[in-house]
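Asker: have a look; sequence and predicted model below, questions after that.
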Amino acid sequence: MPEPFPVEELTIVRLKPGISVEKFDCNDPDLNDFIRNDAFVYAEKKLAQTFIALYKNEPIAFISVCTDAIRLGMKERKDEFGKEKPHADYPGIKVARLATATPHQNRGVGAFLVKYIIGKAIAISEEVGCRFVTVDAYPAQLKFYTGLGFVRNLSDGSGANVSMRLDIYQWNRQVEKAIPSQPPAPKSA
C-alpha cells in the first residue's frame, strides 16, 4: 500500500485562470479532458466549481461540485429522520468529478478533498438548506465512498454509476461527539 500523502502540505484553491492543468494526468481520459477543457467553462457558466489540490504549486488532484437534490423513498425518509416525512426531495451538494494524479493515487488525497467539501457543505448549511453530499460513484469506487460514510440511495437513476449520499447533519453530530466540549483540565504538578 502506498505511503499516505502529507495532506497538511496541500493548498486547496478554486480553479481560476493562471492555474496550469495541462499536465494533469489521472489515467482517466474523461477526467483529464474535463479538467483541461470543461472545468473553466463549467465555472464560467455557473454549472460547477472546481477546487484544486496544489502541492508545491503543482495540481495533484481536483474535485468539482455543484448543487443537487436527491429524492428519498418513504423507507429512506423514515430511516434518515426517524419518521415518515412528507417531502421527497432534499437539498445537497454533489461531488460531480473527483480525480487524483496517478503518482498520488491511493494515498488519501481524494478522501481529503471529499472531507474538504463535506466541511464546505456543513458551512453552507448554516446559511441555506443543505442536508446531503451526494455522488454518482463509479462502481469501482464504492468502497472508497462507503469508507467515508456514504450510503447507497435506494432510488438510483444514475445509469452505470451508483447514486450515494452522506448525511452531513449526522456526520457533523458524530464529529461533535468525538471532540470534547471542553479541553481537559491541566494536570497539577
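Answerer: Cool, got the structure.

Asker: can you confirm Ser20 is in a strand?
Answerer: No. The assignment for Ser20, made by DSSP: H, G, I helix; E, B strand; the rest coil, is coil rather than a strand.

Asker: that one: what's it in contact with?
Answerer: Ser20 sits next to Pro59 when contact means Cβ atoms under 8 Å, 6 or more residues apart in numbering. Bear in mind the C-beta positions are built from the backbone N, C-alpha and C, glycine included.

Asker: distance of it from Cys66?
Answerer: Plainly put, Ser20 is 24 Å away from Cys66 if you go by Cβ to Cβ, to the nearest Å.

Asker: and what of Leu113?
Answerer: According to Cβ to Cβ, Leu113 and Cys66 sit 15 Å apart.

Asker: looking at those two, which is more packed in?
Answerer: Set Leu113 next to Cys66 and count neighbours by other Cβ atoms under 10 Å: Leu113 wins out with 24 against 16.

Asker: which helices and strands does the longest helix seen in the chain pack with?
Answerer: Secondary structure of the chain per DSSP state H: the longest helix is helix 109-125. Using 3 or more Cβ pairs under 8 Å, 6 or more residues apart in numbering; DSSP states H and E, the elements in contact with helix 109-125 are strand 49-55, strand 58-71, strand 89-100, strand 132-137, helix 142-147, helix 168-178.

Asker: ok, now which ones touch the residue nearest the centre of the chain?
Answerer: Geometric centre of the chain, nearest residue: Val114, 3.1 Å, by Cα atoms, centre = their mean. Contacts of Val114 were listed using Cβ under 8 Å, 6+ apart, and they are Ile63, Val95, Leu98, Val133, Tyr145, Leu148.

Asker: which of these are buried?
Answerer: Neighbour-count burial (16 or more other Cβ atoms under 10 Å) is assigned, among the contacts of Val114, to Ile63, Val95, Leu98, Val133, Tyr145, Leu148.
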